[in-house]
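A.B. asks: When you get a sec, could you give me coordinates for this:
(chains A and B)
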Amino acid sequence: GENVEQHPSTLSVQEGDSAVIKCTYSDSASNYFPWYKQELGKGPQLIIDIRSNVGEKKDQRIAVTLNKTAKHFSLHITETQPEDSAVYFCAASRGTASKLTFGTGTRLQVTL
Amino acid sequence: SAVISQKPSRDICQRGTSLTIQCQVDSQVTMMFWYRQQPGQSLTLIATANQGSEATYESGFVIDKFPISRPNLTFSTLTVSNMSPEDSSIYLCSVRGTSRSYEQYFGPGTRLTVT
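C.D. replies: A predicted model of the protein is given here:
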């Protein structure tokens, strides 16, 4: 089955700096890669996703890149703010009829 | 995206008892899922709740321990039976709009502590 590895497990950045979280997947048939943000005491929130026919997708300060050949994808957050502090999870699936496999999570702390 | 609510939001239960968690969605959805998130860990799929038929359980999870109901397209329940302290976790309901949807959304979770 699919295996998703996520790095780093913790990340501390200063406000205004950029943050990058990386994930690798094992199943070459995976074609959907979402990212979730989970704040303390809340459920995961879908913040951005990418499908395998696209190499990069942006939404304001966040972007996701995908390298199908290397089987890895990354989340980029620019101009970080304290409210970006949370745990971020990547995931992968083979598509609409397939379950999501999650990474182990990255705890991002944005310091003033 | 769908608005998902769960009840209760948290509970403290004694070992050996059972708790039923409810998940309500504000629109009809085809696919509903139940996840477990142990403290400080990632999300683990327990089962897919199927309307009108038995749930589909993942390896390591059985119906006797986690019975699931899904009477319609907006509601599901997960029961955690004969609880032990190892069942202390966050239980999350999750949905996809249709069988052709990629996007999956999560409820706020139910925080269960078993003493």
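
A.B. asks: Secondary structure element holding residue A:107?
C.D. replies: For residue A:107, the host element (DSSP states H and E) is strand A:106-111.

A.B. asks: helices or strands up against that strand?
C.D. replies: Secondary-structure packing of strand A:106-111 (3 or more CB pairs under 8 Å, 6 or more residues apart in numbering or on different chains; DSSP states H and E): strand A:10-14, strand A:19-25, strand A:86-92. The way it works is simple: take the backbone N, C-alpha and C, and place the C-beta from them, glycine included.

A.B. asks: quick one: low-confidence parts of chain B?
C.D. replies: Nowhere does chain B drop to pLDDT under 70.

A.B. asks: now residue B:60: how far from residue A:56?
C.D. replies: Residue B:60 sits 36 Å away from residue A:56, going by CB to CB, to the nearest Å.

A.B. asks: ok, the two, which is more surrounded?
C.D. replies: Neighbours of residue B:60 and residue A:56, each counted by other CB atoms under 10 Å in any protein chain shown, are more numerous for residue A:56; the result is 12 against 8.

A.B. asks: Spatially nearest residue to residue B:71, not counting backbone neighbours?
C.D. replies: Spatial nearest neighbour of residue B:71, excluding adjacent residues (CB to CB, 6 or more residues apart in numbering or on different chains): residue B:51 at 7.6 Å.

A.B. asks: Please verify my assumption that residue A:100 contacts residue A:89.
C.D. replies: No: judged on CB atoms under 8 Å, residue A:100 makes no contact with residue A:89 at a distance of 9.5 Å.

A.B. asks: What about the residue lying closest to residue B:44 once chain neighbours are set aside, how many residues nearby?
C.D. replies: In space, residue B:44 comes closest to residue B:36 once its chain neighbours are excluded; the distance is 5.0 Å by CB to CB, 6+ apart. Counted with other CB under 10 Å, residues neighbouring residue B:36 total 20.

A.B. asks: Over to residue B:36: give its phi and psi.
C.D. replies: Backbone torsions for residue B:36, taken as degrees, to the nearest 10, come to phi -120, psi 140.

A.B. asks: what's near enough to touch it?
C.D. replies: Shown in contact with residue B:36 (CB atoms under 8 Å, 6 or more residues apart in numbering or on different chains): B:43, B:44, B:46, B:89, B:90, B:91, B:92.

A.B. asks: now residue B:86, what's its secondary structure?
C.D. replies: The three-state label given to residue B:86 by DSSP: H, G, I helix; E, B strand; the rest coil is helix.

A.B. asks: Report the contact partners of the closest residue to it other than its chain neighbours.
C.D. replies: Leaving aside its sequence neighbours, residue B:86 sits nearest to residue B:114 (CB to CB, 6+ apart; 7.8 Å). Contact analysis of residue B:114 by CB under 8 Å, 6+ apart lists B:12, B:13, B:14, B:15, B:83, B:84, B:85, B:86, B:87, B:88.

A.B. asks: From residue B:42, how far off is residue B:114?
C.D. replies: 21 Å.

A.B. asks: Check residue B:15 too.
C.D. replies: Distance, residue B:15 to residue B:42, using CB to CB: 25 Å.

A.B. asks: ok, back up a step: find the one among the helices and strands packed on strand A:106-111 with the highest mean neighbour count.
C.D. replies: Greatest average neighbour count among the helices and strands packed on strand A:106-111 goes to strand A:86-92 (a mean of 24), per mean count of other CB atoms under 10 Å in any protein chain shown.
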